[in-house]
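Novice: Kindly generate the corresponding structure for this input.
(one chain, ligands or ions: 1)
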Amino acid sequence: MKVLFVCLGNICRSPTAEGVFRRALEQAGLADKVEIDSCGVGSWHVGKAPDARAQQAALLRGIDLSDLCARQLTEQDFNDFDYVLGMDQDNLRAMRDLKPANSQAHVGLFLDFAGTPGAEVPDPYYGGDEGFENVLNMIEAASEGLIQQLKVGAEVVTLNLQANVDLTHANTLRLPCQATHFAAPATLSELRAVLAHAHHQNWPVTLLGGGSNVLLPDKLSGVAVRPALNQWWLTRRQGSVYVHVGAGVNWHSLVMATAELGLWGIENLALIPGSCGAAPVQNIGAYGVELADTLQAVQVMELATGRSYWLSAQECAFGYRDSIFKGSLNGRVVITQLVLRLSRVPAPQLDYGDLAARLSHTPTPWEVAEAVCAIRREKLPDPEVLANAGSYFKNPLIKDAQAAQLLREYPAMPHFPLKDGHTKLAAGWLIDQCGLKGMRDGAFGVHQHQALVLVHFGGGDRQGLMNTASYIAAQVETRFGVRLESEPRLINA
Ligand SMILES: Cc1cc2nc3c(=O)[nH]c(=O)nc-3n(C[C@H](O)[C@H](O)[C@H](O)COP(=O)(O)OP(=O)(O)OC[C@H]3O[C@@H](n4cnc5c(N)ncnc54)[C@H](O)[C@@H]3O)c2cc1C
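Specialist: Now for the predicted structure:
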């Protein structure tokens, strides 16, 4: 594997990238597996050592750049190197102009590997010392991301496909489901290989995380893929801490681990079941916080081609329990990694529910997460004890005018005006008002304390659950004129 770093003159950013990345490779035990070099798109400094300020800044971090010597990028580099990584968009344009048509090299921006697609390492040449520090921080973050990718590339690829797998215990509703094939790829290469195999066999691919938000069919053809990308790591940049997390990591474990480190941002989302990979799909939310509040970028892999790329938070088009992964990218990509931005600066969000009442002093993130867990345990049935998928219905959004009309008739109706002409209602309250809390309909029912949660007592299947849900939704619509939508995803409908 060969990596080439490119900047304008090869005396500041790209030699810094070469030095930082060389050390990162040594630390990862990959020094003998990856060759690296750096160069500039221009020829001004050819033959010169790196800028003295770049050398000084790197030396303070234990990296010696003194033996490096500037050279210019050539066409041949695109055939010699697997990765040709520029520092800014101007470098990238010049690189693309020079790249021969037959080159297989990955040509892109280095900061794409820091989970900040499209971002540039600014040229520190005309600035002060701070600029060189900034460059080092950015390059260190991108180096860690690139190391993770290369580690994956260096592994032996195995398919590990299992046939006829019972997924009844792989979904929290315990709906009986028999999958024709199942795979839990632990690396990007394994995932790519499984997808290529499925494509070749013309198998449909079903993505699965913790199975806490899916309605599985009795028989699932093709292959069910549950990514087991289980690493996460931290990087620091400009006062913020970035969490890079693989799709297979359990969401609640991540929340508790980061809260224990004193990091703020996702503590209110404790005890939401499932994987990190599924979290962006419905933009998980609870206690006044949504994933979108901290999410910076999402790495995805195309099911059809195995191509990996990054989406910014904006490109994910997050809304209330919604994202691009339910829209135009539905069934087209698998989420492989997230980047979240957390902070050490205290930022408790205690306005929702009775969180504030439970925390008398200024809490730590760990204390907030613990309080959230305590409230959730009191309110929601544990799927391990009584099968359920959490809230079965989304809280409906209705026009302000309709909400005003309903409020005249039901002044006690909980309602949350949004700023876009819509009002959010509490689906649980609507169901409760229809006298359905605690009702039982064969194998399914409404939880006795939480009207939003449908539970499975055992012996039922997906059709049975959907019949019960339709009955409940019809009752609510008849009484309030409000249509309820189900939250769990209907798989292979
Ligand atoms: C008791 C309980 C409480 C809950 N509380 C909340 C709550 O407070 N707030 C909230 O928002 N949700 C809540 N949920 C719903 C659920 O936990 C979340 O939606 C969670 O993100 C689902 O994760 P999962 O890994 O189980 O996904 P799964 O159920 O396995 O999959 C959900 C969807 O994501 C897709 N998917 C899974 N992995 C990937 C991937 N890597 N790439 C692309 N698509 C993928 C699946 O195909 C499916 O469409 C609750 C569920 C339960 C059972």
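Novice: Quick check: phi and psi on the most centrally placed residue in the chain?
Specialist: Among the residues of the chain, residue 338 comes closest to the average C-alpha position under CA atoms, centre = their mean, at 3.2 Å. Main-chain torsions, residue 338, degrees, to the nearest 10: phi -120, psi 150.
Novice: With the one 5 residues further on instead?
Specialist: Main-chain torsions, residue 343, degrees, to the nearest 10: phi -140, psi 150.
Novice: Check residue 205 too.
Specialist: phi -110, psi 130.
Novice: can you pull the contacts of it?
Specialist: By CB atoms under 8 Å, 6 or more residues apart in numbering, the residues touching residue 205 are 195, 198, 222, 223, 225, 303, 334. (Glycine included, C-beta is placed from N, CA and C.)
Novice: per-residue confidence for it?
Specialist: Residue 205 carries a pLDDT value of 97.
Novice: circling back to that earlier point, what's the nearest residue to the residue nearest to the centre of the chain if we skip its chain neighbours?
Specialist: Leaving out its chain neighbours, the residue that sits closest to residue 338 by CB to CB, 6 or more residues apart in numbering is residue 245, at 5.2 Å.
Novice: Can you convert the contacts of residue 205 into JSON lines and add a column each for pLDDT?
Specialist: Output for those, formatted as JSON lines (pLDDT from 0 to 100):
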{"residue": "195", "pLDDT": "93"}
{"residue": "198", "pLDDT": "93"}
{"residue": "222", "pLDDT": "96"}
{"residue": "223", "pLDDT": "97"}
{"residue": "225", "pLDDT": "98"}
{"residue": "303", "pLDDT": "95"}
{"residue": "334", "pLDDT": "98"}
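Novice: ok, and which of the residues you listed reach the ligand?
Specialist: With the criterion set as CB under 6 Å from any ligand atom, the members of the contacts of residue 205 near the ligand are residue 334.
Novice: In strands only, show me the contacts of residue 205.
Specialist: If you go by DSSP state E, the contacts of residue 205 have 222, 223, 225, 334 in strands.
Novice: could you dump the residues you listed to CSV with neighbour count?
Specialist: Putting these into CSV (neighbours: other CB atoms under 10 Å) gives the following:
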residue, neighbour count
222, 16
223, 24
225, 22
334, 25
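Novice: ok, which pair from the residues you listed is furthest apart?
Specialist: 222 and 334 (13.8 Å; CB to CB).
Novice: next helix or strand past the helix or strand containing residue 94?
Specialist: Assigned by DSSP states H and E, residue 94 belongs to helix 89-98. As assigned by DSSP H and E, the chain's next helix or strand after helix 89-98 is strand 106-109.
Novice: now for that following strand, which elements pack on it?
Specialist: Strand 106-109 sits against strand 83-86, helix 89-98, with contacts defined as 3 or more CB pairs under 8 Å, 6 or more residues apart in numbering; DSSP states H and E.
Novice: Looking at these, spot the one closest to the ligand.
Specialist: The minimum distance between the ligand and the helices and strands packed on strand 106-109 falls on strand 83-86, with 24.8 Å, by CB to the nearest ligand atom.
Novice: Give me the contact list for the closest one.
Specialist: With CB under 8 Å, 6+ apart as the criterion, strand 83-86 contacts 1-7, 17, 77-78, 92, 94-95, 99, 105-110, 113, 146.
Novice: Quick check: the farthest pair among the contacts of residue 205?
Specialist: 222 and 334 (13.8 Å).
Novice: Wait, residue 430 touches residue 484, no?
Specialist: Yes - if you go by CB atoms under 8 Å, residue 430 and residue 484 touch, sitting 7.4 Å apart.
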